[in-house]
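> Dropping a prediction and its sequence here:
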Amino acid sequence: MTEQKQEKEREESKTSNEEFEVVIAIPEAKKPDLVLPEDKVKELIELLDTIGWDKKALQKYINHALRLRKLEKEHRKTYTSLVRDYEKLSKEEVKTRYAIQQLMEKRRKIEEDLKLYMEQYNITLETIRRMVSVLEGLKKNGLDLEDLDRATKFLKHLKDQRYDADKMIYYVSKYEDLSLELDKINKEVLEARESLQKIIHDREYLDNLLKEEYGLTDGLKNLKNDIE
């Protein structure tokens, strides 16, 4: 591309009345050995065309590019890697919050079942106590027709209510199983919340690094938009 053609393209791409030129300052000692490749000149012109040959836009672009290079050098990671880390943390946060929500729902259902079985357990326990009390009374005071009749009525009542040993054992064992399951769920909820706090802390660290140390008030997300 000739110098005349480059000049023509630059003139056609201007979007404002204010004109300026890009000056590359090169030390005298280095001038003979430095040749700016034609493709680099073309890329520079295309960049200026993109930002409308605006001084402030060019200055902003250069400042962000320098900050980005400094950030990549200090963390030994490319900008793409930093963005990928940020997006990964955001996705993990969403997944962790969803997992906590699922665990809380599971715990609620277990607590409802536990309450039901606890009620049945208490009823069964009260029935057993009454039966033991009657039997102890019969044994202590001796058997007579009145006590025997009373015991018979009580045993008949148990039969009518369909209480049996298997059912009593079932309620007790079910209560113990649900108690263990609830303890397990509570532990998982605690671990998930601790994981969520770590994810939020790591993501905020990346964001604050750009906001406070590099002067990017909009953080990592908008740095990507500015550079592009």
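Nice, I can see it.
> Run a quick neighbour tally on Leu82.
Applying other Cβ atoms under 10 Å, we find 20 residues neighbouring Leu82. No exception for glycine: its C-beta is placed from N, CA and C like everyone else's.
> go on, Lys106?
By the criterion of other Cβ under 10 Å, Lys106 has 15 neighbours.
> and it, what is it in contact with?
Lys106 makes contacts with Ile185, as judged by Cβ atoms under 8 Å, 6 or more residues apart in numbering.
> now swap in Ala192 and tell me
Residues in contact with Ala192, defined by Cβ under 8 Å, 6+ apart, are Thr96, Ala99, Ile100, Leu103.
> can you give me phi and psi for it?
phi -60, psi -40 (degrees, to the nearest 10).
> which of the contacts of Ala192 lies closest to Tyr205?
The nearest member of these to Tyr205, counting by Cβ to Cβ, is Thr96 at 17.1 Å.
> which SSE is the closest one in?
Element membership of Thr96, judged by DSSP states H and E, is helix 79-141.
> returning to what we had before: for the contacts of Ala192, which two are the farthest from each other?
Thr96 and Leu103 (10.5 Å).
> tell me which residues of whichever strand or helix holds Lys73 are tucked away?
Element membership of Lys73 [criterion: DSSP H and E] is helix 55-75. Using 16 or more other Cβ atoms under 10 Å as the test for burial, helix 55-75 gives Leu58, Tyr61, His64, Arg67, Leu68, Leu71.
> Tabulate these (JSON lines), appending distance to Lys153.
Shown next, in JSON lines, are these (distance: Cβ to Cβ, whole Å):
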{"residue": "Leu58", "distance to Lys153": "100"}
{"residue": "Tyr61", "distance to Lys153": "95"}
{"residue": "His64", "distance to Lys153": "91"}
{"residue": "Arg67", "distance to Lys153": "90"}
{"residue": "Leu68", "distance to Lys153": "89"}
{"residue": "Leu71", "distance to Lys153": "86"}
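> Format the residues you listed as CSV; extra columns: pLDDT.
As requested, the buried residues of helix 55-75 are exported to CSV (pLDDT from 0 to 100):
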residue, pLDDT
Leu58, 75
Tyr61, 77
His64, 78
Arg67, 80
Leu68, 79
Leu71, 78
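> domain ranges for the protein?
3-75, 79-227 (automatic domain parsing).
> lowest-confidence stretch among the ones you listed?
Mean pLDDT is lowest for domain 3-75 among these, at a mean of 64.
> next one: phi and psi at Arg76?
Torsion angles, degrees, to the nearest 10, at Arg76: phi 50, psi 40.
> neighbours of it, just the number please.
If we define neighbours as other Cβ under 10 Å, then Arg76 has 7 of them.
> now Glu43
So Glu43, with other Cβ under 10 Å, has 11 neighbours.
> do Ile199 as well
There are 20 residues near Ile199, going by other Cβ under 10 Å.
> Next: Ile123.
14.
> What separation do you get for it and Leu116?
11 Å (Cβ to Cβ, to the nearest Å).
> Ala192 now?
With distances taken as Cβ to Cβ, Ala192 is found 27 Å from Leu116.
> tell me which strands and helices the helix holding Lys73 is in contact with?
Under the contact criterion of 3 or more Cβ pairs under 8 Å, 6 or more residues apart in numbering; DSSP states H and E, helix 55-75 touches helix 38-50, helix 79-141, helix 219-227.
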